[in-house]
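[1] quick one, structure for this:
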Amino acid sequence: MTVKRSTKAIAIIAISLPQTTLGFAPLSSTTHTKSISTKLNVIGEQASSIGPAQLLRKLKSDLPQIDWLASGDAPSSNKIDIPDHVAHVLAQHDAPKRIAENEERTQRIRSRAIQASEDAMKLRGMLTGDDDAKAWWRTQRSIPEGGRTITKDDPLTVLIAGGGLAGLVVASACHSKGMKVALFEQASSYAPYGGPIQIQSNALRAIQQINPEIYEELVKAGTCTADRVSGLKIGYRKGNKLAGLYDAGDWLVRFDTVGPALEAGLPATVVVDRPVIQQILVKYGFPEGTVRIKSRIETFEDLKKGRGVAVTLEDGTKAYADVLVGADGIWSQVRKNLHGLEAGAGGFAASGAAGGALDDKEARKLAKDTVKIAESADRRFSGFTCYAALAPHRASNIENVSYQILLGEKKYFVSTDGGGERQQWFALIREPAGGVDPEPTPEDPHPKLTRLRKEFACTGDGDDDGNVWDPFALELINASTEDLIKRRDLYDGAPLLTTLDPQRLLSPWAKGPVALCGDAAHPMMPNLGQGGCQSTEDGYRLIEELSKVQHTKDVPGALGGYSRIRVIRTAIIQGFAQLGSDLLVDFDLMMTIPLLGPFFLTMTQLSMPFILRYLYTPSF
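    Numbering: from 1, shown residues only. Coordinates of the predicted model:
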């Protein structure tokens, strides 16, 4: 694998928090790769370790191999799901108490997800027909130079690009402050993609402050994941008598997420289906007809001097308002225009509302196109391709474990409770961007499953490196059908600004009456589970700053202030997520190094509460 930063113990913890929305991102110039065949008609390059990890691996391979060091029994304590330190926290009187899976809850959660998807397909609450033709944003107002005064009867008007989580939260926050809002989503419907979303404690607090009714509905619809253990496991037998022995599936690090939340007075993390979240926000967040689908914002013009912004949609339709918010994802068209990026920097968002509409043929084309888009958009390829699915399956450890990662060399496997006796899983494999699976044939009608069964083989000779994996990965893979499995490369962005432009340094995500939020501003790897959560925090802070505006000439100042407040916190979280991902697949190496391995694990375990306390803050 590729390691581009030093192996500081506190950094590795970034790999071990629950998933929400996948982040996205070319390998650096320091990457060394070798071309291999997986023997499954999938040709690619597997990244290999560099720097200290590469030296350690070479040193280990050059030393005499003593078989008896790796023989023997691993400690039984490695197999205990809930150790005493986690049990103590879960037993606190104010901690959520686990209610075992049951048929009624399973049916309720699955039915609600299906109903929400059907409502989305029927365009419930969307702007259509005569209402669309008479929409307030179609008329350009005559505003004098210098702008106009904001009043209760003549409120601030806001256009939002992107109908994913970030855009819906911003729209809800706008409405809660009395602003007039319109949201433009490029997809033709809210198709489900990526499975449920973990709404962590900090995001729940932001939503609670925006709209208590939305908060109550999300908690009611969600499945608590903070009532069990989370952590890191080793994917296959590893270690030795000097550094510690670990069998396949043994725990390396175990932690709870509820303790830091309770300390901060925050609600416990829940997982909610994406279409359910969307429908709750559409129903309770703002008036019907706020969201307009099949509406991609192509360009905008700053009308200057407090007169707002004029927007042109892809079909030529014009829209006018005081503010434009770009919440249109990692390949944001608003960001492309705002920062003057190359023509190809704005791409189709294969996530959020749009991604579920992609079939395998479209996904293959998009994988190739995205490599070019990323170059123009200044986004970073993480080195990982990701297979993901929501398996309709009751996991064998569901009552004790809500989230876990099985670690290995060149790849790792993540699973989290999706609610309703379903498991959301992600298989992340190191290889170059733009790769695709073979098309189905009569000889191999399910190529994605074929590859994954080999990558995480738990019998015989194991995978191509001879590692025999813990069977839990295949338990979930085999519970999924080929059509449920989606594949995409993961990209993210630079944690801090890579520019000397004074304007961007002073206002990183805003200029004039236009601002960015969510993945358009700070796309991140999924390892902290904070992509959607930070988007939610953005929405809260953005509208808090805009709500102070009493005259349209003050809009740029408010947007710049929002940008400066948010950029440091999101950069820290984004950087940790990047670093954790880069270091993740060298965890197995640490399991074989005397002193360093145990120290590394101990520091990771001790660091977790501090990192969670930073994430779970009641103010943002």
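[2] following element in sequence after the one helix or strand Thr106 maps to, please.
    According to DSSP states H and E, Thr106 maps onto helix 103-121. Where DSSP H and E defines the elements, the next helix or strand beyond helix 103-121 is helix 129-133.
[3] which residues does that next one contact?
    Contact partners of helix 129-133, identified using Cβ atoms under 8 Å, 6 or more residues apart in numbering, comprise 289, 292. Any C-beta I mention is one placed from the backbone N, CA and C, and that applies to glycine too.
[4] how far away from the center of its chain is that helix?
    Here helix 129-133 shows a centroid-to-chain-centroid distance of 35 Å under the convention Cα atoms, centre = their mean, to the nearest Å.
[5] skip ahead from that helix and say which helix or strand is next.
    Counting by DSSP H and E, what follows helix 129-133 is strand 157-161.
[6] in its sheet, what does that next one sit against?
    According to DSSP bridges, strand 157-161 forms sheet pairs with strand 180-184 (parallel), strand 323-326 (parallel).
[7] packed most tightly, which of the ones you listed would that be?
    Each of the strands paired with strand 157-161 was given a mean neighbour count from mean count of other Cβ atoms under 10 Å, and the largest, a mean of 30, is that of strand 323-326.
[8] save the strands paired with strand 157-161 as CSV, and put in distance to Tyr614 too.
    Putting the strands paired with strand 157-161 into CSV (distance: least, Cβ to Cβ, whole Å) gives the following:
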stretch, distance to Tyr614
strand 180-184, 31
strand 323-326, 26
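[9] export these to a markdown table and tack on mean pLDDT?
    Listed next are the strands paired with strand 157-161 as a markdown table, based on pLDDT from 0 to 100:
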| stretch | mean pLDDT |
| --- | --- |
| strand 180-184 | 97 |
| strand 323-326 | 98 |
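[10] which one of those strands lies closest to Glu362?
    Distance to Glu362, taken as Cβ to Cβ, is lowest for strand 180-184 among those, at 21.6 Å.
[11] and for that closest one, what's in contact with it?
    Counting by Cβ under 8 Å, 6+ apart, strand 180-184 makes contact with 127, 135-137, 155-163, 167-168, 171, 174-175, 286, 290-292, 295-297, 313, 319, 321, all of which sit outside it.
[12] same thing but 7 Å
    If you take Cβ atoms under 7 Å, 6 or more residues apart in numbering as the criterion, strand 180-184 is touched by 135-137, 155, 157-161, 163, 167, 171, 174-175, 286, 290-292, 295, 297, 313, 319.
[13] the helix or strand following it pairs with which strands, parallel or anti?
    Following strand 180-184 in sequence order, the next helix or strand is strand 197-199 (DSSP H and E). If you go by DSSP bridges, strand 197-199 pairs up with strand 270-272 (antiparallel).
[14] before we move on, back to that, out of the strands paired with strand 157-161, nearest to Asp247?
    Across the strands paired with strand 157-161, Asp247 has its closest neighbour in strand 323-326 (48.7 Å, Cβ to Cβ).
[15] which helix or strand lies directly C-terminal to that closest one?
    Downstream of strand 323-326, the next assigned helix or strand under DSSP H and E is helix 333-338.
[16] list the buried ones in that following helix?
    Going by neighbour count (16 or more other Cβ atoms under 10 Å), the buried part of helix 333-338 is 333-338.
[17] farthest pair in the residues you listed?
    Every pair of those checked by Cβ to Cβ; the farthest is Gln333 and Leu338, at 9.6 Å.
[18] shaky segments in the stretch 351-500 of the chain?
    Within the stretch 351-500 of the chain, the stretches with pLDDT under 70 are 351-358.
[19] sorry, back to before: which of the contacts of strand 180-184 are buried? Put it as a PyMOL command.
    In PyMOL, a selection of the buried entries from the contacts of strand 180-184 looks like this (16+ other Cβ under 10 Å):
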select buried, resi 135+137+157+158+159+160+161+163+167+171+174+175+286+290+291+292+295+297+313+319
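[20] what residues of the helix holding Thr106 count as buried?
    Of the residues in helix 103-121, 106, 109-110, 112-113, 116-117, 119-120 count as buried by neighbour count, 16+ other Cβ under 10 Å.
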